[in-house]
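A.B. asks: quick one, what's the 3D model for this:
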Amino acid sequence: MKKLKKFTALFLVLIYTIVATSCKASEKVLEKINAYLTEEYPERSFSVMDYTKRNETSGRYEVNAVCLDDDIEFQIYIYSTITATDSYAVERANMQMEQAIRKEIDLFYKDLSEKFSSIQWLNIYADNAEGYSFRYMDPNKDYKLSDLNNSDIYRVELAEGLTISEVGGAIYDFMDDFYKYTPYIIGKTTFVYTLNQVTYEFTTDAKTTNDLGKTGVVNLLLSNTVTSAEKNGKVIIQPVEFTFISETAEENQNANDIAQ
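C.D. replies: Take a look at the predicted model:
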């Protein structure tokens, strides 16, 4: 009985030590996160939702946080006491641009924005740094539709449950709005949609969709549609990716690149 009591006491002491050590470590991590946010964004308030240490990425801390001023959720990667990167500014820019785009496309095509579940202007990661470093954007600038001019749109996801005709029509109307009714030139845009449990990523631009027409866009999607889980005896690798840029669109883009 005495041995059992002694063992129980030692076990409780061990548990207490582990918990106390863990709490101290957590406090240090939170202090590091809060210090980083205070330095980067002194005029904003944040809340840390959770964090994880990833040993497979050199022990970096991956933090999920939210800005209390605008409810924007974002990530922070902390590699060391002097190296960190966060997605707040680019998430903020994407949110502002999504709101601007939805407002624009509903002006001429009623309820068109409802056919898109997500509109992401920019890849949140910096060029050539996918998964490691977030894209820099000015956290104090209010981004407007005019900032979309001469840039690509990273990812536009269509709502679930649409037929292929509805998908093609929505893509055409989205691009047609900018081509006909705004002074802004948008470059390549990738549309993501799912048909019969297969996900597709289709990249095009406004000049191409205008050249094709709505029926042509639908026919293009049909010609790239997979009809079964296997094709030519091989399992389909999802997403199914395809790109179509018309020759005139490429010529115009090359001319713009030279002019710039």
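
A.B. asks: now the stretch 51-200 of the chain, which segments are flagged as low pLDDT?
C.D. replies: For the stretch 51-200 of the chain, the stretches with pLDDT under 70 are 57-58.

A.B. asks: and if we set it to 90?
C.D. replies: Flagging of the stretch 51-200 of the chain using pLDDT under 90 yields the residue ranges 54-59, 79-83, 108, 110, 129-131, 196-197.

A.B. asks: show me the domain layout of this protein.
C.D. replies: Following automatic domain parsing, one finds the domains of the chain at 39-86, 87-260.

A.B. asks: need the winner for burial among these.
C.D. replies: With neighbours taken as mean count of other Cβ atoms under 10 Å, those reach their highest mean count in domain 87-260, at a mean of 16. Using the backbone N, CA and C atoms, a C-beta is placed for each residue, glycine as well.

A.B. asks: for beta bridges, what are the partners of L195?
C.D. replies: Judged by DSSP bridges, the bridge partners of L195 are V198.

A.B. asks: surely it and L222 touch.
C.D. replies: No. Counting by Cβ atoms under 8 Å, L222 is not a contact partner of L195; they are 10.1 Å apart.

A.B. asks: need the residues touching each of these two.
C.D. replies: Both L195 and L222 are in contact with I164, where contact means Cβ atoms under 8 Å, 6 or more residues apart in numbering.

A.B. asks: re earlier: reformat the domains of the chain as CSV; add distance to K28.
C.D. replies: As requested, those are exported to CSV (distance: least, Cβ to Cβ, whole Å):
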stretch, distance to K28
domain 39-86, 10
domain 87-260, 22
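
A.B. asks: and of the ones you listed, who's closest to E31?
C.D. replies: E31 lies closest to domain 39-86 among the domains of the chain, at 10.8 Å (Cβ to Cβ).

A.B. asks: any idea how far M97 is from T81?
C.D. replies: 34 Å (Cβ to Cβ, to the nearest Å).

A.B. asks: for the record, mean pLDDT for stretch 33-40?
C.D. replies: When pLDDT is averaged along stretch 33-40, the result is 93.

A.B. asks: what residues sit buried inside it?
C.D. replies: By neighbour count with 16 or more other Cβ atoms under 10 Å, stretch 33-40 contains the buried residues I33, Y36, L37.

A.B. asks: just these: which are in helices?
C.D. replies: Taking DSSP state H, the ones among the buried residues of stretch 33-40 that sit in helices are I33, Y36, L37.

A.B. asks: partner residues bridging the residue lying closest to the last one once chain neighbours are set aside?
C.D. replies: Yep, that's L37 we're talking about. Of all residues not flanking L37 in the chain, F46 sits nearest, at 4.9 Å (Cβ to Cβ, 6 or more residues apart in numbering). In this structure, F46 has the following beta-bridge partners (DSSP bridges): C67.

A.B. asks: list the contacts of F46.
C.D. replies: Contacts here follow Cβ under 8 Å, 6+ apart; on that basis F46 touches N34, L37, A65, V66, C67, L68.

A.B. asks: can you do 10 Å?
C.D. replies: Contact partners of F46, counting by Cβ atoms under 10 Å, 6 or more residues apart in numbering, are 33-34, 36-38, 40, 65-69, 72, 74, 76, 86, 88.

A.B. asks: cool, and E130?
C.D. replies: With contacts taken as Cβ under 10 Å, 6+ apart, E130 has the following neighbours: N123, I124.

A.B. asks: A helix includes it, no?
C.D. replies: No. Counting by DSSP: H, G, I helix; E, B strand; the rest coil, E130 is not found in a helix; it is coil.

A.B. asks: R102 touches S117, doesn't it?
C.D. replies: No. With contacts counted by Cβ atoms under 10 Å, R102 stays clear of S117, the gap being 11.4 Å.

A.B. asks: closest one to E27 among the domains of the chain?
C.D. replies: With respect to E27, and counting by Cβ to Cβ, the nearest of these is domain 39-86 at 11.9 Å.

A.B. asks: what strand or helix carries I101?
C.D. replies: When elements are defined using DSSP states H and E, I101 is found to belong to helix 88-108.

A.B. asks: pull the distance from that helix to the chain's centre.
C.D. replies: Distance of helix 88-108 from its chain centroid, counting by Cα atoms, centre = their mean, to the nearest Å, is 13 Å.
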